[in-house]
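Enquirer: Just to be clear, the model below is a prediction. Sequence and coordinates:
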Amino acid sequence: MTSLPEFLSRVRPPMTPALVVRREALLRNLKTMQGYCDAAGVRLRPHGKMHKCSTLGRLQIELGGVGLCCQTIGEAEAYAAAGIADLLVTSPIAPWAAPRLAALAAREIGIAVVADDAGQIDRLDEAARAADVTLSVLVDLDLGTHRAGCAPAAAPALAQRITDAGNLRFEGVQAYLGHLQHVTDLKRRRAANDIAAARLRGLVETLDAAGLHPRFVTGGGTGTYAQDLANGVFNELQAGSYAVMDIEYGDCDAPDGGGQWPFEPALFIAATAVSTRHKTHATIDAGLKAVSVDGPRPRVLAGAAPGSEWRAFGDEHGSILHPAHMPVFAIPDRMEQCAAIEVIDNDDAVEWPADAPQTGDPVWLQPGHCDPTINLYDALIVADEDGEWESWPIDARRVTR
């Protein structure tokens, strides 16, 4: 098998910064997760918010996924336009979006949505009635993330309200434990997940006893997939990041307890050194508009000295810090830092590092957080081991209209 450095050395995107996907790694990740779900008898509905790419979404479905999750109505519209016909909007939608959701259902798109309060349910019913359709609705639960979702105690009344609505169909419950996905310590993550699963199991039993059987119990994620598949509560998994991985997940203990993740990095940023006038650092064309910084900083993989680090250097630029000069960049005052760089540049006793990138050289990074990084680009450059590539549009990114 080709090593990662060999693979990166063969890929030459048409321009940089570019977002590159290693096709073989992607396929291995997709098949591995699908295999786990099939073995557990759990449906896999990958989360399309991660990649926002209908080509990748169709591939996930071809390999066994039942459909896609969407975070917004715009994503749902984009995926529907690309021919993906089984969609779940996993976040409560704003009032203005309800007629658009109903319009998708009127086109015989398989569309479902979650709700966490009575007002949302009533608005969905009104929109569905106006469009002469029946909408599938799940109750969104809050088991600790506190972003959206109702408390489990409130779920039966909401499920009954959906059931009683004239143009809605109660389909089940959603429980996404976003606050647990990146808990680095596996014991803590497992313990918290077990508590949440027990609460969810109790709610499902309550709904069954009330005659409100949840057809789907959906949720879970990449960071908890092993327990989600084993706990016997979920019958649908919503994992997303497993497809390409990132530093944030790589820094966490693997959910299966095996010590190593069964999914491998498949997403990389190709950049170019555009200025190398300083001994301390090189400047590349991947800055804040090319790299999400809401999680760990991207990791330098190739094209620079071992131990080099990326730092934001403006909207369009990043700096690749040479490991020999890291203390300079620990200086908190920016003016003092710049003065220290000048001292080193003018000191003839300090040699120019031979292992630093030169102007025009490629530099490769691994994103810290895949979802918001992908959202910064128009396309994925999907590359084979020999360096040949094709472009997959990130067509669910610009969807507001």
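Expert: In hand now; what should we look at?
Enquirer: Next, please give the residue ranges for the helices of the stretch 1-150 of the chain.
Expert: All helices of the stretch 1-150 of the chain, identified by DSSP state H, counting those that start in this stretch, fall at 4-10, 23-40, 54-62, 73-81, 98-106, 118-131.
Enquirer: can you list the ones you listed in a markdown table and add mean pLDDT and mean neighbour count?
Expert: (C-beta placed from N, C-alpha, C; glycine too.) Shown next, in a markdown table, are those (pLDDT from 0 to 100; neighbours: other C-beta atoms under 10 Å):
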| stretch | mean pLDDT | mean neighbour count |
| --- | --- | --- |
| helix 4-10 | 97 | 16 |
| helix 23-40 | 98 | 18 |
| helix 54-62 | 98 | 20 |
| helix 73-81 | 96 | 23 |
| helix 98-106 | 97 | 20 |
| helix 118-131 | 98 | 19 |
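Enquirer: looking at those, which is closest to residue 184?
Expert: helix 23-40 (20.7 Å; C-beta to C-beta).
Enquirer: Are there helices or strands packed against the closest one, and which ones?
Expert: Other helices and strands packing on helix 23-40, by 3 or more C-beta pairs under 8 Å, 6 or more residues apart in numbering; DSSP states H and E, are strand 43-44, helix 54-62, helix 225-230, strand 379-383.
Enquirer: Output these in JSON lines, with distance to residue 129 appended to each entry.
Expert: What follows is the helices and strands packed on helix 23-40, written out as JSON lines (distance: least, C-beta to C-beta, whole Å):
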{"stretch": "strand 43-44", "distance to residue 129": "30"}
{"stretch": "helix 54-62", "distance to residue 129": "30"}
{"stretch": "helix 225-230", "distance to residue 129": "36"}
{"stretch": "strand 379-383", "distance to residue 129": "40"}
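Enquirer: follow-up on the earlier one: let me have the helices of the stretch 1-150 of the chain in CSV, extended by distance to residue 300.
Expert: Below are those laid out as CSV (distance: least, C-beta to C-beta, whole Å):
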stretch, distance to residue 300
helix 4-10, 12
helix 23-40, 19
helix 54-62, 26
helix 73-81, 32
helix 98-106, 43
helix 118-131, 45
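Enquirer: Determine which of the ones you listed approaches residue 249 most closely.
Expert: Checking the helices of the stretch 1-150 of the chain against residue 249 by C-beta to C-beta gives helix 23-40 as the closest, at 11.4 Å.
Enquirer: Go ahead and name everything in contact with that closest one.
Expert: Helix 23-40 is contacted by residues 43-44, 56, 59-60, 63-65, 225-226, 229-230, 237, 239, 242-245, 262-266, 382-385 when judged by C-beta atoms under 8 Å, 6 or more residues apart in numbering.
Enquirer: Which PyMOL command selects the buried ones in those?
Expert: Buried members of the contacts of helix 23-40, defined by 16 or more other C-beta atoms under 10 Å, are picked up in PyMOL with:
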select buried, resi 43+44+56+59+60+65+225+226+229+237+239+242+243+244+245+262+263+264+265+266+382+383
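Enquirer: Figure out which of the helices and strands packed on helix 23-40 is closest to residue 189.
Expert: Nearest of the helices and strands packed on helix 23-40 (C-beta to C-beta): helix 225-230, 8.4 Å.
Enquirer: returning to what we had before: out of the helices of the stretch 1-150 of the chain, which gets nearest to residue 398?
Expert: So among those, helix 73-81 is nearest, using C-beta to C-beta, at 8.6 Å.
Enquirer: Can you check what angle separates the closest one from helix 98-106?
Expert: 20 degrees (axes from the mean of the first three to the mean of the last three C-alpha atoms, to 10 degrees).
Enquirer: Make residue 1 into 31 and carry on from there
Expert: Let's use 31 as the start, then, which means that last one is helix 103-111.
Enquirer: tell me which strands and helices helix 103-111 is in contact with?
Expert: Packing contacts for helix 103-111, counted by 3+ C-beta pairs under 8 Å, 6+ apart, involve helix 84-92, strand 98-100, strand 116-119, helix 128-136.
Enquirer: Please repeat the previous calculation with a cut-off of 10 Å.
Expert: Helices and strands touching helix 103-111, by 3 or more C-beta pairs under 10 Å, 6 or more residues apart in numbering; DSSP states H and E, are helix 84-92, strand 98-100, strand 116-119, helix 128-136, strand 140-145.
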